[in-house]
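>>> This is the structure alone, sequence omitted:
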């Protein structure tokens, strides 16, 4: 499996995103309330996450065509 390093890299990014989301949650709960701009940013994050979910699921339909590494 020559893709294990890529899987690990993506997993690391996902963990970083989860940590950042927890920091935002803490900020909203303890430092300052959400603003309309925050809500717009959250909507954008949600849309990006949904697009990534679709992209990740589509990986299962990729067919190898040969050549390359």
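Done, it's in. These numbers were taken from a predicted model, which means no experiment stands behind them. Numbers count the residues shown, from 1 in each chain.
>>> for this structure, which spans come out with low pLDDT?
68-69 (pLDDT under 70).
>>> quick one, phi psi at residue 2?
Dihedral pair for residue 2: phi -90, psi 10, per degrees, to the nearest 10.
>>> burial count for it?
Residue neighbour count, defined by other CB atoms under 10 Å, stands at 6 for residue 2. From N, CA and C alone the C-beta is placed, and that goes for glycine too.
>>> ok, now how distant is it from residue 22?
According to CB to CB, to the nearest Å, residue 2 stands 33 Å off from residue 22.
>>> Let me know the secondary structure of residue 48.
Reduced to three states with DSSP: H, G, I helix; E, B strand; the rest coil, the structure at residue 48 is helix.
>>> How many residues are close by it?
11.
>>> and if you look at the one 10 residues further on?
With neighbours defined by other CB under 10 Å, the count for residue 58 comes to 9.
>>> Contacts for the helix or strand containing it, please.
Per DSSP states H and E, residue 58 falls inside helix 36-58. Helix 36-58 has contacts (CB atoms under 8 Å, 6 or more residues apart in numbering) with 28, 34.
>>> do stretch 62-69 as well
Applying CB under 8 Å, 6+ apart, the external contacts of stretch 62-69 come out as residue 2.
>>> And it, how far out from the chain middle?
26 Å (CA atoms, centre = their mean, to the nearest Å).
>>> Could you do stretch 31-51 as well?
14 Å.
>>> what's the first-to-last distance across stretch 58-66?
19 Å (CA to CA, to the nearest Å).
>>> Now do it: distance to the chain's middle.
Using CA atoms, centre = their mean, the offset of stretch 58-66 from its chain centre is 21 Å.
>>> now do stretch 4-18
Worked out by CA atoms, centre = their mean, stretch 4-18 lies 9 Å from the chain centre.
>>> Ok, stretch 28-47 next?
On the basis of CA atoms, centre = their mean, stretch 28-47 sits 17 Å off its chain's mean C-alpha point.
>>> again, but for stretch 6-21
Distance of stretch 6-21 from its chain centroid, counting by CA atoms, centre = their mean, is 7 Å.
>>> Would you mark the buried spots in it?
When burial is assessed from 16 or more other CB atoms under 10 Å, stretch 6-21 yields no buried residues.
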